[in-house]
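J.: Below are the sequence and a predicted model for it; my questions follow.
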There are 2 protein chains.
Amino acid sequence: MKTDTDKKSDLSAQIATAIRDAIVSGDMIVDERLPSEAELSEQFNVSRPTVREALKRLAAQSLIRTQRGAFGGAFVNRLSYEEAYGQQITTATLLLSMNAVSFETACEARYALERACTPLAAQRRDADHLATMRAEIHRQGQPGLSDESFCASDVTFHRALVDCAANPVLSYQLAGAVEAMQPLMNMITFTARSRSEIVTLHTRIADALEASDATAAESALHDLEAYTLHLGRDVMAARRPA
Amino acid sequence: MKTDTDKKSDLSAQIATAIRDAIVSGDMIVDERLPSEAELSEQFNVSRPTVREALKRLAAQSLIRTQRGAFGGAFVNRLSYEEAYGQQITTATLLLSMNAVSFETACEARYALERACTPLAAQRRDADHLATMRAEIHRQGQPGLSDESFCASDVTFHRALVDCAANPVLSYQLAGAVEAMQPLMNMITFTARSRSEIVTLHTRIADALEASDATAAESALHDLEAYTLHLGRDVMAARRPA
DNA sequence: CAGTTTTCATTTGTCTGACATTTAAATGTA
DNA sequence: TACATTTAAATGTCAGACAAATGAAAACTG
């Protein structure tokens, strides 16, 4: 008997859903081996290509991994933070680029989330993360830096800030917000003037964290948000003459 | 000539990556039609099943949708907030359940993020969201409510709080954090005593938002976090006798 | 007996070719 | 014109085959 979760269409989607449910509900545990493709085709009464399409769907979500050869097969995959980051970033980036999310909205969300990390970061900051932040600030002050490199450095700086909170779940959530903004930030041309302003604000943040002063750090982030918004507004206005 | 992004193995993964890049980079725009499976097999020099596996991978990430029939095919899909929510929730839930994330860590992240919304929510709260919150508080006070329903109501309450901030990007990010906690919360048995405590705290939050008092709301959220942590600790300790 | 090599069965990866089904446009008809 | 029919193009599904990888067991060697 077929599972017929939705009697409608697409066997491979139904099978993928059935297996996904088994994984999410905990019926299948990490590293457990799924039946072979041949066995699955029998169980679900479909052909092997159909089963394979279902498995590829799950693989695309990092729910399973496959291994060739004898005693190989498909295994329930432990979703690592790395993989989750990647998916989160892709999804968030597309969400922003495809849905005409305004620069203001994205900016507001990003800095609100970042400020959420600040108290924890101020409390737990360690030498490593502070060093990363200082190094990126230094790089951002270098004259010959391209706009793209400046943006990349900005992302590294902010990720270090987030990682300071020493909460992997927060880091995971924030990765999407910070990285998804990058395409929008890349549209901005950073003048020497604005770069120096940003470096100043970044320094204020690093100083505040080093002093474990959460309030000062939040305040600096507020100012940075306002300044970023200011920079972005002109560009976005020019981009949307409609 | 094959694209050979990674010379290593799995043609369908390579093809999926190639197409994904084209979408993410903006080379293909929303609603644009991909070449037919037959054409793609020619372009990439692979068989149709391989192309199909690649397309299913993309479909699993909601990057494309397919339509049968003449003039059907695969189209670049506009990633909706709905779909993004769903993926986010699945990923976040699995991340927590598979990586032995401690109740403390998850709790800390969730309330930190929620507090990030509070200033905006206090500023923009509208009658609708307040009404939802009040209604859920009322439900949470009803005697005959099952633990599961209580949890579900809790989620609804907190999502209303988040939606108050009227920033869809924020709502999207928070959806994962709030929903992913639910399986952990479901382990808790809510006594009449603890329910009434939670209702009190929820009321404090709603009152504070209604009064546009962000500070009071944050403070109430802090207390709620502490109380949730307290409730969870016992359960988690009992669950992990190792 | 210990260590190495070979064989071998199992499983995923890929290909070919075919048929079923769906869908909208094109065509035919009253 | 309005409606029914045909048709072409596309995805969905199936069956069977071969290639390639892989680890375990068997065979071999010193």
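T.: All right, it came through fine.
J.: which residues touch A:P49?
T.: Listed by Cβ atoms under 8 Å, 6 or more residues apart in numbering or on different chains, the contact set of A:P49 reads B:49, B:52. Glycine gets a C-beta too; all of them are placed from N, C-alpha and C.
J.: Mind doing that once more with 10 Å?
T.: By Cβ atoms under 10 Å, 6 or more residues apart in numbering or on different chains, A:P49 lies in contact with A:12, A:37, A:41, B:48-49, B:52-53.
J.: Any idea how far apart the tips of stretch A:94-103 sit?
T.: Separation of the first and last residues of stretch A:94-103 by Cα to Cα, to the nearest Å is 14 Å.
J.: before we move on, back to that, ok, of the contacts of A:P49, which come out buried?
T.: Buried residues within these, defined by neighbour count using 16 or more other Cβ atoms under 10 Å in any protein chain shown: A:12, A:37, A:41, B:52-53.
J.: so where does the nearest residue to A:T203 once chain neighbours are set aside fall, helix or strand?
T.: Once flanking residues are discounted, A:T203 sits nearest to A:I137: 5.9 Å by Cβ to Cβ, 6 or more residues apart in numbering or on different chains. Mapping A:I137 onto the secondary structure by DSSP states H and E places it in helix A:127-141.
J.: before we move on, back to that, take the buried ones among the contacts of A:P49 and keep only those in helices.
T.: A:12, A:37, A:41, B:52-53 (DSSP state H).
J.: Taking the centroid of chain A, which residue is nearest it?
T.: In chain A, the C-alpha closest to the average C-alpha coordinate belongs to A:G176, at a distance of 2.7 Å (Cα atoms, centre = their mean).
J.: Contact partners for that residue?
T.: Counting by Cβ under 10 Å, 6+ apart, A:G176 touches A:84-85, A:87-93, A:95-96, A:110, A:113, B:84, B:88, B:169, B:172-173, B:176.
J.: A strand includes it, no?
T.: No: the assignment for A:G176 by DSSP: H, G, I helix; E, B strand; the rest coil gives helix, which leaves it out of any strand.
J.: what separates it from A:A109, distance-wise?
T.: Summarising the geometry, the distance separating A:G176 from A:A109, computed by Cβ to Cβ, to the nearest Å, is 10 Å.
J.: Against which helices or strands is the longest helix along chain A packed?
T.: Assignment by DSSP H gives helix A:214-239 as the longest helix of chain A. With contacts defined as 3 or more Cβ pairs under 10 Å, 6 or more residues apart in numbering or on different chains; DSSP states H and E, the secondary structure elements packing on helix A:214-239 are helix A:103-124, helix A:147-163, helix A:182-185, helix A:192-210.
J.: domains of chain A?
T.: What the record gives for chain A is the domain set A:11-76, A:82-239, from automatic domain parsing.
J.: Mind pulling up the pLDDT for the residue in chain A that DNA strand D sits nearest to?
T.: With distances taken as Cβ to the nearest atom of the strand, chain A approaches DNA strand D most closely at A:G69, which sits 2.0 Å away. Reported pLDDT at A:G69 in the predicted model: 92.
J.: returning to that earlier point: give me the subset of the buried ones among the contacts of A:P49 touching DNA strand D.
T.: Among the buried ones among the contacts of A:P49, the residues lying close to DNA strand D (Cβ under 7 Å from any atom of the strand) are A:12, B:52.
J.: Redo the buried ones among the contacts of A:P49 as TSV? Include pLDDT.
T.: Formatted as TSV, the entries for these read as follows, by pLDDT from 0 to 100:
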residue	pLDDT
A:S12	97
A:E37	97
A:S41	96
B:R52	98
B:E53	98
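J.: Closest one to DNA strand C out of the buried ones among the contacts of A:P49, please.
T.: Closest to DNA strand C out of those is A:E37 (3.7 Å), distances taken as Cβ to the nearest atom of the strand.
J.: which SS class is the residue lying closest to A:C117 once chain neighbours are set aside?
T.: With sequence-adjacent residues excluded and distances taken as Cβ to Cβ, 6+ apart, A:C117 is closest to A:A165, at 4.2 Å. Per three-state DSSP, the secondary structure class of A:A165 is coil.
J.: shared neighbours of A:G176 and A:A109, which are they?
T.: Shared between the contact lists of A:G176 and A:A109 (criterion: Cβ under 10 Å, 6+ apart) are residues A:92, A:96, B:169, B:172-173.
J.: From the residues you listed, which land in helices?
T.: Secondary structure defined by DSSP H assigns A:92, A:96, B:169, B:172-173 of the shared contacts of A:G176 and A:A109 to helices.
J.: any chance of those in TSV, plus pLDDT and neighbour count?
T.: Rendered in TSV, the data for those read as follows (pLDDT from 0 to 100; neighbours: other Cβ atoms under 10 Å in any protein chain shown):
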residue	pLDDT	neighbour count
A:A92	89	26
A:L96	88	25
B:V169	91	28
B:Y172	89	23
B:Q173	87	29
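J.: ok, which pair from those is furthest apart?
T.: The largest separation in these, counting by Cβ to Cβ, is between A:L96 and B:Q173 at 11.5 Å.
J.: Name the residues contacting each of these two.
T.: Contact criterion Cβ under 10 Å, 6+ apart; residues bridging A:L96 and B:Q173 by contacting each: A:109, A:176-177, A:180.
J.: Narrow those residues to just the buried residues.
T.: Using 16+ other Cβ under 10 Å, the buried ones in the shared contacts of A:L96 and B:Q173 are A:109, A:176-177, A:180.
J.: From the residues you listed, pick the one nearest chain B.
T.: Nearest to chain B, judged by Cβ to the nearest Cβ, of these is A:A109 at 3.8 Å.
J.: got the end-to-end distance for stretch A:31-47?
T.: Using Cα to Cα, the end-to-end distance of stretch A:31-47 comes out at 25 Å.
J.: Tell me the buried residues in stretch A:121-137?
T.: Buried residues in stretch A:121-137, counted by 16+ other Cβ under 10 Å: A:121-122, A:125, A:129-130, A:132-134, A:136-137.
J.: How far off centre is it?
T.: With Cα atoms, centre = their mean, to the nearest Å as the basis, the distance from the averaged C-alpha position of stretch A:121-137 to the chain average is 20 Å.
J.: So for it, mean pLDDT?
T.: 95.
J.: now what about it, what contacts it?
T.: A:114-115, A:152-167, A:170, A:198-203, A:205-218.
J.: I am finished for the moment; much appreciated.
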